[in-house]
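J.: One predicted model, sequence on top.
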Amino acid sequence: MLKDAKIYVAGHKGMVGSAIVRELQRQGYLQIITRTHAELDLCRQEEVEQFFAVERPEYVFLAAAKVGGIVANQSALADFMYDNMMLEMNVIHAAWKNDCKKLLFLGSSCIYPRMAPQPMPESCLLTGELEKTNEAYALAKISGLKYCEYLNKQYNTDFISVMPTNLYGPNDNYHPTHSHVLPALIRRFHEAKEHGLSHVTCWGDGSPLREFLYVDDLANLCVFLMNHYSGNETINAGTGKELSIKELTELVAEIIGYKGEIHWDTSKPNGTPRKLLDVSKATKLGWKYRTELKEGIRLAYEDFLNNPMRAER
């Protein structure tokens with residue numbers, strides 16, 4: 001991408017989109033196009049097509065999505081499928097229709113089968129049953145990456161897909177019931193410390209294994225791939241390292257300074273037993289993450305403390 005290329009970042013207010021904007025600015029890109037939801041509803045095809053016809057972006061980072069943790073996914077299955085499929089199809093289709101040079105679609109590691117081989121290679125997509133707790137979201141994301149692949153094959157576009165592992169960092173969602181595990185733990189342990197609670201209760205039994213990637217590292221990879229990768233197969237984005245949810249809770253408690261006990265509610269679901277990505281493709285391309293988990297959680301907690309309004313949403 002030339003430094004003066006017109007670059008549209010869809011979802012720039014979210015955690016991933018805002019990180020991509022920061023990374024583009026850090027690298028000196030000059031024409032970054034953004035629109036808020038109030039200015040452009042990506043679920044409305046007519047609005048999206050009009051936007052692309054007028055702005056004619058050369059490159060698109062599709063980071064917009066309806067996201068949430070287990071509770072949100074289970075309670076709004078239809079909404080998660082509809083909103084995500086509509087917005088991604090509208091943006092991808094409009095990018096193709098208006099001769100966009102390149103598009104990067106951001107998916108999620110939840111697209112892989114529940115009992116996929118570990119670490120999960122890109123080739124295991126659609127080889128087994130999905131995790132039921134986020135099936136609707138996963139199906140929408142699979143549709144998006146497949147649409148990119150089919151456009152490449154039929155119309156010779158250059159649309160690529162990236163599948164990140166669990167993300168965290170600045171501008172995360174710390175909602176008590178609709179956030180992902182790490183920001184939810186940050187809020188829970190912070191509030192327990194503030195109120196002097198003797199214990200914190202966490203879901204499941206703490207045994208699932210998870211991998212976490214700092215969102216600014218993902219943004220760096222996205223810009224890297226936009227400049228250095230073309231192909232139909234998605235690229236996994238992660239660290240290649242994992243830890244148990246129990247170990248994660250203990251680490252978050254340590255960083256926040258919570259001294260009470262941690263209890264486990266085994267009546268609540270664990271989710272997928274293990275989710276570790278095979279990141280060998282990204283590594284072979286010459287990319288590696290920078291931020292270790294302990295430092296990343298410290299930075300995320302700092303973001304939580306410095307943005308009190310975000311903690312309420």
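T.: Perfect, I can see it now. In this text the structure is predicted, and so the values were computed from the model without any measurement.
J.: Name the spans of the stretch 201-313 of the chain whose pLDDT lies under the cut-off.
T.: Applying pLDDT under 70 to the stretch 201-313 of the chain flags residues 308-313.
J.: same thing but at 50, please
T.: Low-confidence segments of the stretch 201-313 of the chain (pLDDT under 50): 313.
J.: wait, what's in contact with residue 267?
T.: Listed by Cβ atoms under 8 Å, 6 or more residues apart in numbering, residue 267 has no contact partners. (C-beta placed from N, C-alpha, C; glycine too.)
J.: Could you rerun that using 10 Å?
T.: Contacts of residue 267 were listed using Cβ atoms under 10 Å, 6 or more residues apart in numbering, and they are 203-204.
J.: The one 4 residues further on too?
T.: When contacts are counted by Cβ under 10 Å, 6+ apart, residue 271 is found next to 69-70, 73, 110, 114, 131-134, 181, 203-204, 208, 210, 245.
J.: Against residue 96, how distant is residue 227?
T.: Note on residue 227: its distance to residue 96, by Cβ to Cβ, to the nearest Å, is 21 Å.
J.: Could you tell me the per-residue confidence at the closest residue in space to residue 215 that isn't next to it in sequence?
T.: Using Cβ to Cβ, 6 or more residues apart in numbering and skipping residues adjacent in sequence, the residue nearest residue 215 is residue 169, 3.6 Å away. Here, the pLDDT recorded for residue 169 equals 96.
J.: Spatially nearest residue to residue 43 (excluding sequence neighbours)?
T.: Spatially, and ignoring its direct neighbours in sequence, residue 43 is nearest to residue 86 (4.3 Å; Cβ to Cβ, 6+ apart).
J.: For the one you found, list the residues it contacts.
T.: Residues counted as contacts of residue 86 (Cβ under 10 Å, 6+ apart) are 41-45, 48, 66, 140.
J.: Residue 47 belongs to a helix?
T.: Yes. Under DSSP: H, G, I helix; E, B strand; the rest coil, residue 47 falls within a helix.
J.: got a pLDDT number for it?
T.: pLDDT for residue 47: 98.
J.: ok, now the one 3 residues further on?
T.: You'll see residue 50 listed with a pLDDT of 98.
J.: cool, residue 134 as well?
T.: In this model, residue 134 is scored at 81, pLDDT.
J.: Determine the three-state secondary structure at it.
T.: Under the three-state scheme (three-state DSSP), residue 134 adopts helix.
J.: just to revisit the earlier point, of residue 227 and residue 96, give the one with the bigger neighbour count.
T.: With neighbours defined as other Cβ atoms under 10 Å, residue 227 and residue 96 compare such that residue 96 has more, 19 against 11.
J.: what's the more buried one in contact with, if anything?
T.: Shown in contact with residue 96 (Cβ under 10 Å, 6+ apart): 52, 103, 147-148, 151-152, 154-155, 157, 159.
J.: Could you rerun that using 6 Å?
T.: Residue 96 makes contact with 151, 157 under the criterion Cβ atoms under 6 Å, 6 or more residues apart in numbering.
J.: Doesn't it lie inside a helix?
T.: Yes. With three-state DSSP as the criterion, residue 96 is part of a helix.
J.: Can you read off the pLDDT for it?
T.: pLDDT, residue 96: 98.
J.: where's it relative to residue 254, distance?
T.: Distance from residue 96 to residue 254, by Cβ to Cβ: 48 Å.
J.: Now for the spatially closest residue to residue 19 that is not a sequence neighbour: which residues touch it?
T.: Counting by Cβ to Cβ, 6+ apart, residue 19 lies nearest to residue 219, which is 3.8 Å off, once chain neighbours are set aside. Each residue near residue 219 by Cβ under 6 Å, 6+ apart is listed here: 19-20, 23.
J.: what does residue 264 give?
T.: Taking Cβ under 6 Å, 6+ apart, one finds 202, 205-206 in contact with residue 264.
J.: which among these end up buried?
T.: Burial by neighbour count, judged by 16 or more other Cβ atoms under 10 Å, picks out 202, 206 from these.
J.: Can you tell me which of the contacts of residue 264 is nearest residue 8?
T.: Lowest distance from residue 8 to those (Cβ to Cβ) belongs to residue 202, with 39.1 Å.
J.: what's the distance between the helix or strand hosting the closest one and the middle of its chain?
T.: Element membership for residue 202 (DSSP states H and E) is strand 199-203. In this view, strand 199-203 has its centroid 25 Å away from the chain centroid, taken as Cα atoms, centre = their mean, to the nearest Å.
J.: What is that strand packed up against?
T.: Counting contacts by 3 or more Cβ pairs under 6 Å, 6 or more residues apart in numbering; DSSP states H and E, strand 199-203 packs against strand 261-265.
J.: Which parts of the strand it packs on count as buried, going by neighbours?
T.: In terms of neighbour count (16+ other Cβ under 10 Å), strand 261-265 has its buried residues at 262, 264.
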